[in-house]
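> With the sequence up front, the predicted model follows.
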Amino acid sequence: MAACVHETIAEKTVVILDLHTHSIKSDDGRAKVENYCKWIRSREIPIDGFVLTEHRQFDVESDYSTLVKSSGLCILKGSEVETEYGHVLVFGVTEALMLAYHFSSIGLPLASVLESWEQHNAIAVPCHPGRKRVGMQANIEKLGVPAGVRIVETLNGGSRRGEDEITQQMAAELGYLGIGGSDSHIVSHIGRCATRFPGDISNEHELVEALRAEEFAAISMRQ
Amino acid sequence: MEDVETLREKYLNLDYDEKTFEVDQDKIIAYAKACGEIAPRFTDPTHADFQAPPTFPSSLMAGRHLPEDFPRFGGIGMDAGKAVEPMLPIRPGVQLKGRTHLHDIYTKTGRSGRMIFLVSRMELYDPEGKHVANADTSTVIRERSSE
Amino acid sequence: MTVSTIQDVEFGEELPAFKPDTSLENVRIFVAAAGWGAARFTDHEAARKEGLPGALVPGIMSQGFLAAMIHQWASDARIVKIDTVFRAPVMVDQPHYITGIVTDINAEDSYVEIDLTVSNEAGETRVFGTATVNLA
């Protein structure tokens, strides 16, 4: 589990996290985590940390604790998996969850993901739902509305024109809550979208709890 | 769908193509200028350090795109990415030898459905056997739908 | 300001804006030089027959634009690696914009890392990547 510097965010009444980022651990990621931190600090990007959601994997190996201390940023780990409804962010990944599912599979059943991952104290959030083919909305047209979805990514920093609007309309119609993430693959794209939480988050478990509390808001910082 | 792990075990890191390339001065200049290069070492053949732009190896195509017995997926291959590591300058008139192998194979779901990614690497050598550059090509093939 | 040495570079520095020539005429010159003569690059109608929205700028040409931007910023820069991901088509005869931002500086070894993007008029990223560049 990735640790964060508790005291740097404990004094704040809100925490802003970019919930969707990729590093060089993802096949199409070109950003080093250290450079993300340098970039956030030097450009004064108004986020307190980020979640690394590598494609089709959970990065067990990487230890960012030294970087967390030196940067004062909260660095958490999650994953972006692929289901028949498109891509889904997962927060709160545990060893048991990794044993139960092949993260590398590109056809995980969303219903099963949502149901059993809750049992593992993880939370699954369909991302960029307005995107063609890999977004949930396009697949709802083919497969129907999936049961069990509570939160979707309503702001995605990599969205093309109109994609977030499709998501937001879908979220309004179906009563979903929204998070934000930059979907950054290069350093300078981090923090374009993020999620604001009340209180303190310093590890993955607290992130899951904060998502379950349903008191968060997606925010955009795109220029 | 072909099993990706089997493909990786069978094909990765084995040279499947070898091809020679003549580097033409006029083509270097046209290539550089079309890309917007203004540095004389890429556009002026009288410059003491005249050479091909560093991305030039990306344009060199192997004789075969894939190993001879590699399975066909049916869809059209599209460029998903290119990476070049230039190590030595490429001068006009030199004959380069390119040796190509599959460097990676993986699948993912993109905006256009399920896709197979093939990363081929061409290693370029000069006539003295010096390693001049690596050029990686990621090709994505959209799996033909059975619907 | 012309960048000559690593001391001239600032973290977060944006390379001078560069609008690439994506005209059909220029793309035809490029593909002739590169030996990439496919009609999808040189003929809008032929590209549409392939199911594409129009002729495409070859990915290697986008990569070439990005390298040229780096050399226009620092004429003596030596590109050690340039790695580009082609996320969406770059269309011929449509305006595009390319950007470069310095995201890391290794002063000891005189290397910088640069984020690279090619975007269309809607601001959508079509190509992204990074370059590692050596400055004297």
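Good, I have the coordinates.

> Just the terminal-to-terminal distance for stretch A:171-186.
28 Å (Cα to Cα, to the nearest Å).

> Is any residue of that stretch near chain C?
Yes. Under the criterion of Cβ under 8 Å from any Cβ of the partner chain, chain C is reached by stretch A:171-186 at A:185-186. Yep, even glycine has a C-beta here, placed from its N, CA and C like the rest.

> Which parts of that stretch count as buried, going by neighbours?
By 16 or more other Cβ atoms under 10 Å in any protein chain shown, the buried positions in stretch A:171-186 come out as A:171, A:176-186.

> Now intersect those with the helices, please.
Those of the buried residues of stretch A:171-186 mapping onto helices are A:Ala171, per DSSP state H.

> which of the buried residues of stretch A:171-186 lies closest to C:Glu25?
Closest to C:Glu25 out of the buried residues of stretch A:171-186 is A:Ile186 (31.2 Å), distances taken as Cβ to Cβ.

> For that closest one, which non-adjacent residue is closest in space?
C:Asp115 (4.4 Å; Cβ to Cβ, 6 or more residues apart in numbering or on different chains).

> How about the contacts made by the one you found?
Counting by Cβ atoms under 8 Å, 6 or more residues apart in numbering or on different chains, C:Asp115 makes contact with A:30, A:186-189, C:99-101, C:103, C:128-130.

> Check A:Ser70 too.
A:Cys37.

> Also the one 10 residues further on?
Contacts for A:Glu80 were tallied using Cβ under 8 Å, 6+ apart; they are A:20, A:22, A:53-56, A:87-90, A:127.

> Pipe those into CSV and attach distance to C:Gln7 per row.
Shown next, in CSV, are those (distance: Cβ to Cβ, whole Å):
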residue, distance to C:Gln7
A:His20, 36
A:His22, 32
A:Thr53, 37
A:Glu54, 36
A:His55, 38
A:Arg56, 42
A:His87, 43
A:Val88, 46
A:Leu89, 42
A:Val90, 45
A:Cys127, 42
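
> number of nearby residues for the residue of chain C found nearest chain B?
Ranked by Cβ to the nearest Cβ, the top residue of chain C for proximity to chain B is C:Gly64, at 3.2 Å. C:Gly64: 30 surrounding residues under other Cβ atoms under 10 Å in any protein chain shown.

> Any figure for the gap between the closest residue to it other than its chain neighbours and C:Asn120?
The shortest distance from C:Gly64 to any non-neighbouring residue, by Cβ to Cβ, 6+ apart, is to B:Cys35 (3.2 Å). Per Cβ to Cβ, to the nearest Å, B:Cys35 is found 18 Å from C:Asn120.

> now do A:Asn121
Separation of A:Asn121 from C:Asn120 (Cβ to Cβ): 42 Å.

> Who has more neighbours out of those two?
Ranked by neighbour count (other Cβ under 10 Å), A:Asn121 and C:Asn120 place C:Asn120 first, with 19 against 16.

> any idea how far that one is from B:Gly93?
39 Å.

> Quick check: of the buried residues of stretch A:171-186, which lies closest to chain C?
For the buried residues of stretch A:171-186, the nearest to chain C is A:Ile186 (4.4 Å; Cβ to the nearest Cβ).

> What are the neighbouring residues in contact with that closest one?
A:30-31, C:103, C:115-117, C:128-130.

> May I see the buried residues of the lengthiest helix in chain C?
In chain C, assigned by DSSP H, the helix with the most residues is helix C:59-73. Within helix C:59-73, the residues that qualify as buried are C:59-73, counting by 16+ other Cβ under 10 Å.

> The buried residues of stretch A:171-186 in strands, which ones?
Among the buried residues of stretch A:171-186, the members falling in strands (DSSP state E) are A:177-181.

> Among those residues, which one lies nearest to B:Asp24?
Checking these one by one against B:Asp24 (Cβ to Cβ), the nearest turns out to be A:Gly181, at 47.4 Å.
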